[in-house]
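Enquirer: have a look at this prediction, sequence included:
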Amino acid sequence: MNKISVKNYPMVNPTPVVILGAEVEGKPNFTTIGAFGVVCLEPIFYISVKSTHHITKGIKESGFFSINLPSVDMVQKTDYCGMVSGKSVDKASLFTTFYDEHGNAPLIKEAPMNYLCKVVQNTTICGFDVFFGEILSTLTGEDYLTENKPDPLKIDPLLLMGYQYYSLGSAVGGIFKEGLSLKNNQPTSINDEINPHLNS
């Protein structure tokens with residue numbers, strides 16, 4: 001199959017949608033973002049928010065934010081949170097909010113998973129503030145666990161690609177398992193280059 005070029009738009013890749021939480025002027029506030037992810041092997045997340053957004057002010061003032069991972073059945077409220085501003089709408093009224101003892105950022109009880117993060121670094125690029133947050137707490141419900149680990153299929157996270165929301169679907173393989181048959185047939189030097197962490 002021939003490859004063709006498409007628009008250089010960051011949302012071409014599928015990514016989990018999250019609801020970002022922070023206190024702004026003493027009140028819980030939330031907004032939906034798609035610019036979120038992992039940056040290294042340490043418990044650090046990044047988020048990227050428009051510098052002019054109401055919630056950005058709160059993150060800068062408090063130094064904390066929450067990541068709330070919504071399930072597919074929360075798509076309506078998740079979408080709405082990205083459409084209106086916390087300056088004029090109390091979006092916290094959509095959810096049951098709670099706080100964790102490790103930091104000052106509101107979390108959403110209805111979300112299958114919650115992360116409380118403390119800002120450890122931030123930068124600005126193209127009108128967006130990018131915050132790097134150390135994960136202080138990871139919370140989930142017992143119904144979302146399999147063998148005491150978060151189960152993606154039970155969580156059923158909401159995914160974004162382009163201008164559409166999607167569900168996860170099904171598992172197709174295990175990390176560092178599916179490639180073992182190929183790895184075992186390669187010279188040792190190549191094995192180390194494929195993934196040195198397998199041997200650590």
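Expert: It's in.
Enquirer: from now on I want contacts and neighbour counts done on CA atoms only, so please keep to that.
Expert: Will do.
Enquirer: quick one: the helix ranked longest in the chain to chain centroid distance?
Expert: Scanning the chain for the helix with the most residues, using DSSP state H, yields helix 54-62. Taking CA atoms, centre = their mean, to the nearest Å, one finds helix 54-62 lying 18 Å from the centre of the chain it belongs to.
Enquirer: for it, give the mean pLDDT please.
Expert: For helix 54-62, mean pLDDT is 96.
Enquirer: other SSEs contacting it?
Expert: strand 18-24, strand 27-33 (3 or more CA pairs under 8 Å, 6 or more residues apart in numbering; DSSP states H and E).
Enquirer: for H54, see how far away G103 is.
Expert: 20 Å (CA to CA, to the nearest Å).
Enquirer: so for the two, which sits in the more crowded spot?
Expert: H54 (20 against 17; other CA atoms under 10 Å).
Enquirer: right, so the helices and strands packed on helix 54-62: which one is the most enclosed?
Expert: Greatest average neighbour count among these goes to strand 18-24 (a mean of 26), per mean count of other CA atoms under 10 Å.
Enquirer: lowest average confidence, helix or strand, in this protein?
Expert: helix 188-194 (a mean of 57; mean pLDDT, DSSP states H and E).
Enquirer: what's the angle from the helix or strand following the longest helix of the chain to helix 54-62?
Expert: Next helix or strand after helix 54-62 toward the C-terminus (DSSP states H and E): strand 64-69. Strand 64-69 and helix 54-62 meet at an angle of 130 degrees, taking axes from the mean of the first three to the mean of the last three CA atoms, to 10 degrees as the criterion.
Enquirer: for the nearest residue to A35 once chain neighbours are set aside, what are its contacts?
Expert: Nearest non-adjacent residue to A35, counting by CA to CA, 6 or more residues apart in numbering: S48, 5.4 Å away. Contact partners of S48, counting by CA atoms under 8 Å, 6 or more residues apart in numbering, are 33, 35-36, 128-131.
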